[in-house]
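Engineer: build the 3D model from these lines:
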Amino acid sequence: MSRALLLIPFIAFALSACVSANRDRREQLKDIFRRQVARCYVAPANAPQQEAAVIEIRLQPNGALSEAPKVLSGPSEATKSAVQAVQRCTPFEVTPTVATFYPEWKRMLISFEAN
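Structural biologist: Below is the predicted model:
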């Protein structure tokens, strides 16, 4: 089993979305981005269990960052690894179907669990 598959459960996403947005669609969108970031995330070496690193990203319609990731909370080593993962993974692959829901994923909060 690849390392990315093991990390998927430990990366949590929160999409900023309209209240009326379909919950299933939001979950599908989160999964799309979660899989992509998991491929790029490397947990800090020898990091003890600590609080999650939380970053905010803002994306362009093509999946590229529209600005640098913003660290919201977490220990410095963990936030550094989280930011590096996002930078390595962008631009995200955005299919035409996903692109139609841009307002729901243009801003994301990402939580990277240390464990």
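Engineer: distance check, residue 36 against residue 85.
Structural biologist: Residue 36 sits 10 Å away from residue 85, going by C-beta to C-beta, to the nearest Å. (Glycine included, C-beta is placed from N, CA and C.)
Engineer: who has more neighbours out of the two?
Structural biologist: Taking other C-beta atoms under 10 Å, residue 36 and residue 85 do not tie; residue 85 has more neighbours (25 against 20).
Engineer: distance of residue 71 from residue 102?
Structural biologist: Relative to residue 102, residue 71 is positioned 24 Å away (C-beta to C-beta).
Engineer: over to residue 67?
Structural biologist: 16 Å.
Engineer: for those two, work out which one has more neighbours and name it.
Structural biologist: residue 102 (14 against 10).
Engineer: quick one: contacts for the more buried one?
Structural biologist: By C-beta atoms under 8 Å, 6 or more residues apart in numbering, the contact set of residue 102 is residue 61.
Engineer: same thing with the one 4 residues further on?
Structural biologist: Shown here is residue 106, whose contacts under the criterion C-beta under 8 Å, 6+ apart are 16, 58, 59, 60, 61, 66.
Engineer: what are the phi and psi values for it?
Structural biologist: Here is the backbone geometry of residue 106 (degrees, to the nearest 10): phi -70, psi -20.
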